[in-house]
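Chemist: predicted structure and sequence below. I'll ask about it afterward.
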Amino acid sequence: MTLYALGINHQTAPVALRERVAFADSAVPAALAELRALPGVREVALLSTCNRTELYASADDDGVLADWLASHPDADDAGDDPGQALHAYLYRRAGDEAARHLFRVACGLDSMVLGEPQILGQVKQAWSMARDSGVLGGELDRLFQHAFVTAKRARTETRIGSSPVSVASLAVRLAQESFARPDDSVVLLIGAGETIELTARHLAQARVKRLLIANRTWRHAQELAERHGAVALPLDELERHLFLADVVFTATASQTPILTRTQVAQALALRKRRPMLLMDLAVPRDIEPEVAGLDDAFLYTVDDLDRVVEQNRRSRGDAAQQAETIVDLQVGRYAQALALGARNEPLKRLRAHGDAARAELVARARQQLATGQDPATVVDQLAHALTNRLLHVPTAAMRDAAARGNLELLRAFDPLLPPATQNDDAADPAP
């Protein structure tokens, strides 16, 4: 078995492809069950965020994993050969490089926004869902635990996580630099998750003129609105209020668009040519791409944040380099732990054999005592049976080595034996 990591992210694939292989939280358990059932797959975890979909697995090879991801049902919209399209954007890592990739992801070094803090929580959620689904074994659990330690060290020993920056904060900054400044605008937020919560917080700090929040579950929108001095709207009333918004931020978990070209066109008509800035921070996208073709509509997705992202990357360059050093160190420690585990495997097998023999024979002795047999006789039988069970395999191996003249194997047994005594010649454990 080998450790593999493979997937697509914001660096290798456009949002149009990423959204077709994005998994909602509710779909992850079924996907994990499918992955675990693939031939040669022993353990697996699935990480799916707005910027990446990745598989981590202990498996015979990663070909079946890549083919499974390429055959994701939503990829049917990709054209004549969606599988080939995805394979062209796929990155694949094995062994230590797979571990390095996960460690960098957990530290925020592979994020669009360098050092963004949300990704660690998402990695922990992927680990938790795999564990709860029964597809996470010792190998992947050890990998993720090392990833958590690495991320903690990177954030405490470097400034990679200082003054946390997120996609939400960068999107608000982009809006502040546009024609629709938040302090002079009506802003509509669609959704009520973490990204919208962060967006609302940054807009409040920017002293937004008026804030509206729409969500499918109105109670969640109301709770968020109360925390940030906003007005909550049911999602089914969106069309009635859309024309009021100078700026729209969307970040929902919907698998289909929340805003269509027709809805935005109708809102723009009511605005009498006043422009509207739309920031779609979701994957899959919440706003139909055709909205970008409307006059007076300025649509941005997460892939359009390049300029402010690059500013963030330059400002955190030194901290990122220090965090990379920590990743290198932790990858080395992870490799050492794996090697030590492999060397200890014979000891684990011996210990497991002894524990199993003890449990079986003790259970038998208890049954004998329960039926009223003489305790002294039961104890003697237990000791004799346990001695024979534990010594049978090494005794047989030594006898075979002696018969074959295998002196090297016999010498290898010497450190495992107690010092010789005068009675050793008489001792001859039964096989």
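Modeler: That came in fine, so what should we check first?
Chemist: and residue 8, that's in a strand?
Modeler: Yes - the assignment for residue 8 by DSSP: H, G, I helix; E, B strand; the rest coil puts it in a strand.
Chemist: and it, bridged to which residues?
Modeler: residue 53 (DSSP bridges).
Chemist: residues contacting it?
Modeler: Residues counted as contacts of residue 8 (C-beta atoms under 8 Å, 6 or more residues apart in numbering) are 17-18, 21, 52-54, 86, 89-91. All C-beta spots, glycine's among them, are computed from the backbone N, C-alpha and C.
Chemist: quick one, what contacts the closest residue to residue 61 other than its chain neighbours?
Modeler: Leaving aside its chain neighbours, residue 61 sits nearest to residue 40 (6.5 Å; criterion: C-beta to C-beta, 6 or more residues apart in numbering). Taking C-beta under 8 Å, 6+ apart, we find residue 40 in contact with 59-61, 64.
Chemist: need phi/psi at residue 40.
Modeler: phi 80, psi 0 (degrees, to the nearest 10).
Chemist: pLDDT at residue 414, what is it?
Modeler: For residue 414, the pLDDT comes out at 74.
Chemist: helices of the stretch 151-300 of the chain, start to end?
Modeler: Applying DSSP state H, counting those that start in this stretch to the stretch 151-300 of the chain gives helices spanning 167-176, 194-205, 218-228, 238-241, 261-271.
Chemist: for the stretch 101-250 of the chain, what spans make up the strands?
Modeler: Using DSSP state E, counting those that start in this stretch, the strands of the stretch 101-250 of the chain run over 186-190, 210-215, 231-234, 247-250.
Chemist: output the contacting helices and strands for the longest one.
Modeler: Based on contacts counted as 3 or more C-beta pairs under 8 Å, 6 or more residues apart in numbering; DSSP states H and E, the elements that strand 210-215 packs against are strand 186-190, helix 194-205, helix 218-228, strand 231-234, helix 238-241.
Chemist: how many neighbours does residue 371 have?
Modeler: 8 (other C-beta atoms under 10 Å).
Chemist: for it, what are its contacts?
Modeler: With C-beta under 8 Å, 6+ apart, residue 371 has no contacts at all.
Chemist: try residue 213
Modeler: 188-190, 192, 196, 200, 221, 224-225, 228, 230-233.
Chemist: quick revisit: and the strands of the stretch 101-250 of the chain: which comes nearest residue 172?
Modeler: Between residue 172 and the strands of the stretch 101-250 of the chain, the shortest separation by C-beta to C-beta is 8.1 Å, and it involves strand 247-250.
Chemist: the closest one: partners in the sheet, and parallel or antiparallel?
Modeler: Applying DSSP bridges, strand 247-250 is found paired with strand 186-190 (parallel), strand 276-280 (parallel).
Chemist: how about the first one: buried residues?
Modeler: What that stands for is strand 186-190. Using 16 or more other C-beta atoms under 10 Å as the test for burial, strand 186-190 gives 186-190.
Chemist: low-confidence ranges, this structure, go.
Modeler: 1, 73-84, 162-164, 307, 311-313, 315, 341-348, 420-431 (pLDDT under 70).
Chemist: before we move on, the earlier item: export the buried residues of strand 186-190 as a markdown table, with columns for distance to residue 354.
Modeler: Output for these, formatted as a markdown table (distance: C-beta to C-beta, whole Å):
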| residue | distance to residue 354 |
| --- | --- |
| 186 | 73 |
| 187 | 67 |
| 188 | 67 |
| 189 | 62 |
| 190 | 62 |
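Chemist: can you list the strands paired with strand 247-250 in TSV and add distance to residue 364?
Modeler: Shown next, in TSV, are the strands paired with strand 247-250 (distance: least, C-beta to C-beta, whole Å):
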stretch	distance to residue 364
strand 186-190	67
strand 276-280	68
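Chemist: residue 296: which of these is closest?
Modeler: Among those, strand 276-280 sits nearest to residue 296 (C-beta to C-beta), with 6.5 Å.
Chemist: pull out the buried residues from that closest one.
Modeler: 276-280.
Chemist: closest to residue 381 out of those residues?
Modeler: The closest of the buried residues of strand 276-280, once distances to residue 381 are taken by C-beta to C-beta, is residue 280, at 75.2 Å.
Chemist: tell me the contacts of the spatially closest residue to that closest one that is not a sequence neighbour?
Modeler: In space, and not counting its chain neighbours, residue 280 is closest to residue 287: 4.4 Å by C-beta to C-beta, 6+ apart. The contact partners of residue 287, by C-beta under 8 Å, 6+ apart, come to 248, 250, 257-259, 264, 278, 280, 299.
Chemist: in CSV, list those residues along with distance to residue 385.
Modeler: Shown next, in CSV, are the contacts of residue 287 (distance: C-beta to C-beta, whole Å):
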residue, distance to residue 385
248, 77
250, 70
257, 71
258, 70
259, 75
264, 80
278, 77
280, 71
299, 77
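Chemist: about what we covered before: any of the contacts of residue 213 buried? List them.
Modeler: 188-190, 192, 196, 200, 221, 224-225, 228, 230, 232-233.
Chemist: quick one on the thing from earlier: of the contacts of residue 8, keep whichever come out buried.
Modeler: The neighbour count (16+ other C-beta under 10 Å) marks 17-18, 21, 52-54, 86, 89-90 as buried among the contacts of residue 8.
Chemist: mind putting the strands of the stretch 101-250 of the chain in a markdown table, distance to residue 357 included?
Modeler: Rendered in a markdown table, the data for the strands of the stretch 101-250 of the chain read as follows (distance: least, C-beta to C-beta, whole Å):
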| stretch | distance to residue 357 |
| --- | --- |
| strand 186-190 | 63 |
| strand 210-215 | 60 |
| strand 231-234 | 66 |
| strand 247-250 | 63 |
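Chemist: go through those and name the closest to residue 100.
Modeler: Per C-beta to C-beta, nearest to residue 100 of those: strand 247-250, 34.1 Å.
Chemist: so which of the strands of the stretch 101-250 of the chain is nearest residue 109?
Modeler: Nearest of the strands of the stretch 101-250 of the chain (C-beta to C-beta): strand 247-250, 26.3 Å.
Chemist: give the contact list for residue 375.
Modeler: Applying C-beta under 8 Å, 6+ apart, we find residue 375 in contact with residue 369.
Chemist: follow-up on the earlier one: now, which of the contacts of residue 8 lie within strands?
Modeler: Counting by DSSP state E, the contacts of residue 8 place 52-54, 91 in strands.
Chemist: so residue 369 sits against residue 378, correct?
Modeler: Yes - applying C-beta atoms under 8 Å, one finds residue 369 in contact with residue 378, separated by 5.6 Å.
Chemist: I appreciate the help and will end here.
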